[in-house]
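> Sharing a model that was predicted from the sequence below.
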Amino acid sequence: MGQAVTISTGTFEIHSEAHGPHWIAWLTRAGGGKPEQSIVLIGETREEAESRARQWAQTSGDRF
């Protein structure tokens, strides 16, 4: 695994890391370590994976 990044966005933290030829991103609740609902999002770039994670948080965040 490669570089890891964590970004706080209110209730969630977005984590991402290089994984082979692509990037993966996942959300945790603040202070949590496991992906929220075991969701992992994949993108060709870090920006794409994190953007997908942000979109998921915005559309799903009010259900929690």
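Looks like it came in fine. Residues are numbered from 1 along each chain as shown.

> Okay, now the unreliable bits of this structure?
1-10, 30-31, 61-64 (pLDDT under 70).

> Spatially central residue for it, please.
Trp26 (2.7 Å; CA atoms, centre = their mean).

> Which helix or which strand is home to it?
strand 22-29 (DSSP states H and E).

> which residues sit against that strand?
For strand 22-29, contacts defined as CB atoms under 8 Å, 6 or more residues apart in numbering pick out 11-17, 34-36, 39-46, 48-50, 52-53, 56-57. Every residue, glycine included, has its C-beta placed from N, CA and C.

> Please, a ChimeraX command that selects the buried ones among the residues you listed?
To isolate the buried members of those in ChimeraX, using 16 or more other CB atoms under 10 Å:
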select :12,13,14,15,16,17,35,36,41,43,46,48,49,50,52,53,56,57
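
> In helices, which of the contacts of strand 22-29 fall?
Counting by DSSP state H, the contacts of strand 22-29 place 46, 48-50, 52-53, 56-57 in helices.

> could you dump those residues to a markdown table with distance to His22?
Putting the ones in helices among the contacts of strand 22-29 into a markdown table (distance: CB to CB, whole Å) gives the following:
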| residue | distance to His22 |
| --- | --- |
| Arg46 | 10 |
| Glu48 | 9 |
| Ala49 | 8 |
| Glu50 | 13 |
| Arg52 | 12 |
| Ala53 | 14 |
| Trp56 | 17 |
| Ala57 | 20 |
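
> Right, I'll call it a day here.
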